[in-house]
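S.K.: with the sequence up front, the predicted model follows.
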Amino acid sequence: MDIFEKVQQTRPAIEGEEENLAAARALLLMEIQRQREPASSRAARRPWFIAAGALGAAAAVTAGVLVVSSITAPAPPVEAVPTRVPGPVLVPSPVPSPAPTPMTGPEVLLGAANAAAGFTPPVLAPGQYLRRAWTISTLGLFDPELGVPGMPGYGASRATASSGWVISRSGADYAPADLRSQWYQEWGSPVAGGVYGDQAQGRAGQDAGMQAYGPAVTLFPSDAPYLPESGAEDVLWFFESLPRDPAAMVVWIDDYLGPDTQDWAEGKVGWLLIGLLSQNVGDPEMRAAMYRALSTLPGSTVGVEHDGRRTVTFDSHLAFSEVGERSLRRSTMTIDMATGLVTETTDTSEVGEGTIPSDVPDSRMTFEMSVVDSLP
């Protein structure tokens, strides 16, 4: 609606030509009088006069009168109100959300403990097995000081090795509903991986290692799994023997493993707990207690979440008193944060030393869990 329509709607209803002329004349005289008043008085009543002048002009137009009598006077000044030049729409700036605080290693481990405690393991029907498919990649070394091929931590050193090679092997463990019943295993053929340092020397060491691994092994009965550091006891013995209080569990493992090199007290405890948790068996409360025990150990960090999984890294220093040197050892575990199941572990000695890249661990194991209706 424009200004003329507004005037037409708001003007007073004055009937007849004479009445309209009278009203116009009166308004004109009032405007002339306004020109003779002080500026302050005019300014005080200015809004009202603008409206009155608009009404008078509308009345004159209605009567068809263009000139009132023979009196001429200057038209009242009309000040235009500037219109806003169209511009971009003002959009309020979004208030940034506070950046989430990165989780710490202990916080992720406590979250894994809650997930493990709340996870209900599958109930196996008669004839079914819990299958833990695994792949292990192992680093071999040739250390000139040793003179023969070896493995990191077992005589050979990454820091002084002139070459290294990786051999992988896959297989599976079949756990029965009653973990004290018969287990089964199967092994695949070894697969050659990367070679580092002296290529000819590394290829020769890898070929010898492939021969030592032997061919694939079809399904065979076995005991419950053992850990390299567990001595004569299988994993079930640990599940039954460990105290469920996290602090008491750490003390128990430390006493069981006995004295070790300086600064490795927490490292060896973490190494054993990671090995036990990676079996992905055992009652939920015991697994939760193991995660809580791990959360109390120093030196843990955590990476970003990926597909619902978190990788927790434990760094520990090994000090060799006979030479006065310190070496960094690193263990990692990747956890499915919805179930508390472990999907990968790694172990790396002498991190950053020697010719072998730091992202090539001494050993890497990956795991995938499933329920099978029968043995293969």
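M.R.: It's in.

S.K.: does Ile335 count as helix, strand or coil?
M.R.: strand (DSSP: H, G, I helix; E, B strand; the rest coil).

S.K.: contacts only, for it.
M.R.: Shown in contact with Ile335 (Cβ atoms under 8 Å, 6 or more residues apart in numbering): Val108, Ala112, Ala115, Arg309, Arg310, Thr311, Val312, Leu341, Val342, Thr343. Every C-beta, even on glycine, is put in place using the N, C-alpha and C of the backbone.

S.K.: partners of it in the sheet?
M.R.: Beta-bridge pairing of Ile335 under DSSP bridges involves Arg310, Val342.

S.K.: re earlier: of all the contacts of Ile335, which comes closest to Pro228?
M.R.: Val342 (16.3 Å; Cβ to Cβ).

S.K.: distance of that closest one relative to Gly282?
M.R.: As judged by Cβ to Cβ, to the nearest Å, Val342 and Gly282 stand 12 Å apart.

S.K.: looking at the two, which one has more neighbours?
M.R.: The neighbour count for Val342 versus Gly282, taken as other Cβ atoms under 10 Å, is higher for Val342 (25 against 20).

S.K.: quick check: the more buried one touching Thr332?
M.R.: No: using Cβ atoms under 8 Å, Val342 is not in contact with Thr332, being 10.5 Å away.

S.K.: ok, which stretches of the chain are strands?
M.R.: Taking DSSP state E to define them, one finds strands in the chain at 129-142, 149-152, 155-156, 163-175, 183-187, 191-197, 217-222, 300-302, 309-320, 325-336, 342-348, 363-372.

S.K.: direction included, what does the fourth one pair against?
M.R.: Sheet neighbours of strand 163-175, with direction, are listed as strand 129-142 (antiparallel), strand 183-187 (antiparallel), strand 191-197 (antiparallel) (DSSP bridges).

S.K.: then the longest one to PDB, C-alphas only?
M.R.: Once non-C-alpha atoms are left out, strand 129-142 reads as follows in PDB (Å, rounded to 0.1, in the frame of the first residue of the first chain):
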ATOM      1  CA  TYR A 129      32.300 -72.600  19.100                       C
ATOM      2  CA  LEU A 130      33.500 -69.100  19.700                       C
ATOM      3  CA  ARG A 131      36.100 -68.600  16.900                       C
ATOM      4  CA  ARG A 132      38.900 -66.100  17.400                       C
ATOM      5  CA  ALA A 133      40.500 -65.600  14.000                       C
ATOM      6  CA  TRP A 134      44.000 -64.100  14.300                       C
ATOM      7  CA  THR A 135      46.800 -62.900  12.200                       C
ATOM      8  CA  ILE A 136      50.300 -62.400  13.600                       C
ATOM      9  CA  SER A 137      53.100 -60.500  11.900                       C
ATOM     10  CA  THR A 138      56.600 -61.000  13.500                       C
ATOM     11  CA  LEU A 139      59.800 -59.100  12.900                       C
ATOM     12  CA  GLY A 140      63.000 -61.000  12.400                       C
ATOM     13  CA  LEU A 141      66.500 -59.400  12.700                       C
ATOM     14  CA  PHE A 142      70.000 -60.000  11.700                       C
END
